[in-house]
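In: model this:
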Amino acid sequence: MTSKTHGYIFALLALTIFSLQDAISKHLASTYPPIFVTMIRYWAFALFTIILASRMRGGLKATARTKRPFLQVTRGVLLAVQVVLAITCFAIIGLARSQAIFSATPILIALLAMPILGERVGWRRWAAIGAGLFGVLLILKPEGEFFDVKLLLAVTSCFNFAFYVIATRLVSRDDSSMTSFFYTGVVGGVTMTLIGPFYWSWMSPGDWGWMALVCMTSISSHYFLIRAYDILDAAAVQPLTYLSLVYASIIGMVIYGETLSFNMIVGSVIVVAAGIFTVWREHVVGRRTAAAGAPRVE
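Out: Presented below is the predicted three-dimensional model:
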């Protein structure tokens, strides 16, 4: 197989395992505090990042060296908060609807990149952003007489993750991807260790087995994702992430008895299409800008 084929296989494995992890996290969060579940999960993740960093050239000291310490710490905290928010959403909103709203993240990233990163967006991407936000409104549209306030938690989670991605782009200008990955695991692990013990719950032996599986899926999914990004550009991997919505819909309906409304299906299709176009357009403009050596608006 070609190198790119291996990259796509790694990406698909990562996304599939992430979806299984989300399904198990939903099960655990329906019984135990999401912060507690996240803390145990982060302990395994932090240990994995430390072991991986120690095996890199220069070891832990070289990997931990950063030019943007404050921003790296901010990234780690943001992702830890994101995991808690996402698991909470899975438990109280459902896998399918939560993932449908999360699919709008690339749209929000493009929107926030203008004031924060100074990126300029042309009419094509503005049109995609507008279409994506319209799709989100369809997903959020109340099916009964009143708007479900719980959906705002998923919207908050979406914005939080968008800020995390923006922060990651900023640190990537000075630090290596391995350094960023190291701080993601370690800072998140420290953050959850400071908060999680206040939410400690005694788990049944069976649920400890599920928790062990969550930890294993967390490690393996991140490992496969790293391997995928070693081979493929982010623009090639990003469209595949929308498989998470398909997985979440299937698992949500088959295992948890969730239902998909017409508005949610149509809104999800619009959001996914707008997101894929936004990522593709950003990639095209980036390549043209790099080739021309001057900023352009598309």
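
In: mind listing what the residue nearest to the spatial centre of the chain touches?
Out: Nearest to the mean C-alpha position of the chain, counting by C-alpha atoms, centre = their mean, stands residue 161 at 6.5 Å. Residue 161 makes contact with 78-79, 82, 102, 105, according to C-beta atoms under 8 Å, 6 or more residues apart in numbering. C-betas here are computed from N, CA, C, even on glycine.

In: can you tell me the SS state at it?
Out: helix (DSSP: H, G, I helix; E, B strand; the rest coil).

In: how near is it to residue 120?
Out: Per C-beta to C-beta, to the nearest Å, residue 161 is found 23 Å from residue 120.

In: dump the residue contacts of the closest residue to residue 225 other than its chain neighbours.
Out: In space, and not counting its chain neighbours, residue 225 is closest to residue 14: 4.0 Å by C-beta to C-beta, 6 or more residues apart in numbering. Residue 14 makes contacts with 221-222, 224-225, 228, as judged by C-beta under 8 Å, 6+ apart.

In: try 6 Å
Out: By C-beta atoms under 6 Å, 6 or more residues apart in numbering, residue 14 lies in contact with 221, 224-225.

In: what's the closest of these to residue 68?
Out: residue 225 (22.0 Å; C-beta to C-beta).

In: sorry, back to before: tell me which two of the contacts of residue 161 sit farthest apart.
Out: Within the contacts of residue 161, two members stand farthest from each other by C-beta to C-beta: 78 and 102, at 14.8 Å.

In: in space, what's closest to residue 164 - neighbours in sequence excluded?
Out: Sequence neighbours aside, residue 78 is the residue nearest to residue 164 in space, at 4.1 Å (criterion: C-beta to C-beta, 6+ apart).

In: burial count for the one you found?
Out: Residue 78 has 22 neighbours, counted by other C-beta atoms under 10 Å.

In: quick one: pLDDT of residue 249?
Out: pLDDT recorded at residue 249 is 88.

In: how near is it to residue 34?
Out: As judged by C-beta to C-beta, residue 249 and residue 34 stand 22 Å apart.

In: same question for residue 268.
Out: 24 Å.

In: likewise for residue 140?
Out: From residue 140 to residue 34 the distance is 22 Å (C-beta to C-beta).

In: where does pLDDT dip in the protein?
Out: Residue ranges of the chain with pLDDT under 70: 1-2, 119, 121, 123, 142-147, 233-236, 238, 282-283, 285-298.

In: for it, just list every one of the helices.
Out: Ranges of helices in the chain, per DSSP state H, are 3-29, 34-54, 59-64, 69-92, 95-102, 105-117, 123-140, 151-171, 177-195, 205-231, 234-237, 243-254, 262-292.
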